[in-house]
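In: pasting the structure only:
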């Protein structure tokens, strides 16, 4: 990465951090004034905004196991040939269809060109690496799918989203209660 690209990325991060701090400062100021003037409105806002939303219902489809190994082994020639052909096509397009450099006409602002060039280069590297891996896996599926049995034991372990997100599915209201008990001091602080 060139020094100009690093400076541009640092500038974007600093500018984003400043805008975020300004936004949260304005929200804190408004909340502090509201706590000083009318704490009961904060209770009403808290009751409206504290609706409990659990991810369990939306993540339910991820909890259901779907067996696809039998389909893969039964039709391994078709799956393997598709998994070999697609990376070859993508590799051909990367070699002959993608320009080496991001066209300057595609980026409207000249100041952000280096950032877009860095993003473009990173995407090309990611595509090359993932296509090489897909080609290798496709070759294994096509010629010797039994080599994947060892890999299956590792990759077919069940990871429960319910267990992983259990800590996020709890209510933490101690800070809200403390803020409402000492509304004047919290308002002055904010």
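Out: Happy to help now that I have it. Since we're looking at a predicted model, the values are computed, not measured. Numbering: from 1, shown residues only.

In: what ranges do the helices span in this protein?
Out: 3-37, 39-49, 60-63, 69-74, 76-92, 113-143, 149-155, 161-164, 174-181, 183-189 (DSSP state H).

In: So for the fifth one, mean pLDDT?
Out: Helix 76-92 comes out with an average pLDDT of 91.

In: same deal with the first one?
Out: Helix 3-37 shows a mean pLDDT of 87.

In: Use 442 as the first number from now on
Out: Sure, I'll start counting at 442 from here, so that last one is helix 444-478.

In: Tell me what angle it forms with helix 554-584.
Out: Helix 444-478 and helix 554-584 are oriented at 100 degrees to each other (axes from the mean of the first three to the mean of the last three CA atoms, to 10 degrees).

In: next one: helix 444-478 to chain centre, how far?
Out: Between the centre of helix 444-478 and the centre of its chain there are 21 Å (CA atoms, centre = their mean, to the nearest Å).

In: Same check on the last one?
Out: Computed by CA atoms, centre = their mean, the chain-centroid distance of helix 624-630 equals 36 Å.

In: which outside residues touch it?
Out: Contacts with helix 624-630, where a contact means CB atoms under 8 Å, 6 or more residues apart in numbering, come from 472-477, 480, 483, 620. (Glycine included, C-beta is placed from N, CA and C.)

In: And for stretch 513-532?
Out: 512, 568-569, 572-573, 575-576, 578-584, 586.

In: tell me which residues in it are buried?
Out: 513, 517, 520-521, 524-525, 528, 531-532 (16 or more other CB atoms under 10 Å).

In: Likewise for stretch 620-631?
Out: 620-621, 624, 627-628, 631.

In: Now do it: distance from first to last residue.
Out: 11 Å (CA to CA, to the nearest Å).

In: I'd like to know how far the residue sitting furthest away from the middle of the chain sits from residue 628.
Out: Centroid-distance maximum for the chain: residue 478 at 40.1 Å, with CA atoms, centre = their mean. To residue 628, residue 478 is 8 Å away according to CB to CB, to the nearest Å.
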